[in-house]
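>>> Any chance you could fold what I've pasted below:
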Amino acid sequence: MTSVLPASSTTEADVRAMLRLWTTAEYRGLVDVVEELLTDDFLGVDRAGHVLDKQAWLARRRDGRLFHTTFTVDPVDLRLHGDSAVAVGDHECAGHDQGEIFGRQCRITAVGVRDGRLWKLASVHISETPEQAGSSG
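Sure, this is the predicted structure:
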């Protein structure tokens, strides 16, 4: 698996390929690939609402606190804005977090940016679906 995705033009296919690679790398625990895909100033909000910078996001996998048995993102509603993209989709994740088993359906918002010839992930926000949160808004 390669972690270098050319972005010779701002296309939906390039962004979707980057998101598929990130999803696969997160699922398989390929921390080095995830690290390459995240911008240096990456900010993520995990399923528990914690705000994590790039190093904190990666540390959970490196130290074994977080292990996924499921990690999917589908379908993705994508908006392109020049050298940036916003993707919203359904996210299913399951696994172990600090020894605790979890599994849930969530929503995910991912912000991608083109960095030279590559698409990278600048931000991810994971939240409960309205059905799980028990509200409509």
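>>> From here on, just use CA atoms for contacts and neighbour counts.
Noted.
>>> Please tell me I have it right and residue 42 contacts residue 123.
Yes. Between residue 42 and residue 123 there is a contact under CA atoms under 8 Å: 5.5 Å.
>>> which SS class is the residue nearest in space to the middle of the chain?
Geometric centre of the chain, nearest residue: residue 124, 5.4 Å, by CA atoms, centre = their mean. Taken by DSSP: H, G, I helix; E, B strand; the rest coil, the conformation at residue 124 corresponds to strand.
>>> do residue 48 as well
Residue 48 ends up coil, using three-state DSSP.
>>> gap between the longest helix seen in the chain and the chain center?
Looking across the chain with DSSP state H, the single longest helix is helix 12-28. Mean-position distance between helix 12-28 and its chain equals 8 Å (CA atoms, centre = their mean, to the nearest Å).
>>> Give the next helix or strand downstream of the host helix or strand of residue 58.
Using DSSP states H and E, residue 58 maps to helix 54-62. Of the helices and strands lying after helix 54-62 in sequence (DSSP H and E), the nearest is strand 66-81.
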